[in-house]
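# next one to model:
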Amino acid sequence: MKELSELKNDLQEGKLQEVLSQLEEYVALHKDSAEAYFLLGNAYRKMENWEMALNNYQVSMDLDPEGPAEMAYNATIEVLEFFNKDMYNQ
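Numbering: from 1, shown residues only. Predicted structure coming up:
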């Protein structure tokens, strides 16, 4: 299993499916890793799976209230509130 730093790099390179499955395995073994849940939230956000992104950001915030997940959570909420689905139905 890769280290979180490697998974973070893979995520930045756009290897979403690979990273997603590995992060799921990682959090199953390390349920107290706020960083892993944050990265998992980022992976889901990049895949536009908003619900799973927000859920993982929430777990990360619960584990580490001072971490970056709160900012990512709030930014995702802002995007969803701004997003106008009717534009695609014209």
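# okay, CA-based contacts and neighbour counts for the rest of this
Will do.
# where along this structure do the helices fall?
4-12, 16-29, 34-46, 50-63, 69-82 (DSSP state H).
# tell me the buried residues in the shortest one?
Right, the one you point to is helix 4-12. 4, 7-8, 11 (16 or more other Cα atoms under 10 Å).
# again with the second one
In terms of neighbour count (16+ other Cα under 10 Å), helix 16-29 has its buried residues at 16, 19-20, 22-23, 26-27.
# so which residue is dead centre in this protein?
In the chain, the residue lying closest to the centroid (Cα atoms, centre = their mean) is residue 41, at 1.1 Å.
# check contacts around it.
With contact taken as Cα atoms under 8 Å, 6 or more residues apart in numbering, residue 41 is in contact with 52-57.
# low-confidence ranges, the protein, go.
For the chain, the stretches with pLDDT under 70 are 84-90.
# run the last query once more with 50
Along the chain, the model assigns pLDDT under 50 to residues 89-90.
# circling back: which one of the contacts of residue 41 is nearest to residue 36?
Top of the list for closeness to residue 36, among the contacts of residue 41 and by Cα to Cα, is residue 56 at 9.0 Å.
# pretty sure the closest one contacts residue 35?
No - shown here, residue 56 and residue 35 do not form a contact pair, counting by Cα atoms under 8 Å, at 10.1 Å.
# more neighbours: which of those two?
residue 56 (25 against 21; other Cα atoms under 10 Å).
# burial of residue 39, as a residue count?
23.
# what of residue 42?
27.
# and if you look at the one 4 residues further on?
Residue 46: 14 surrounding residues under other Cα under 10 Å.
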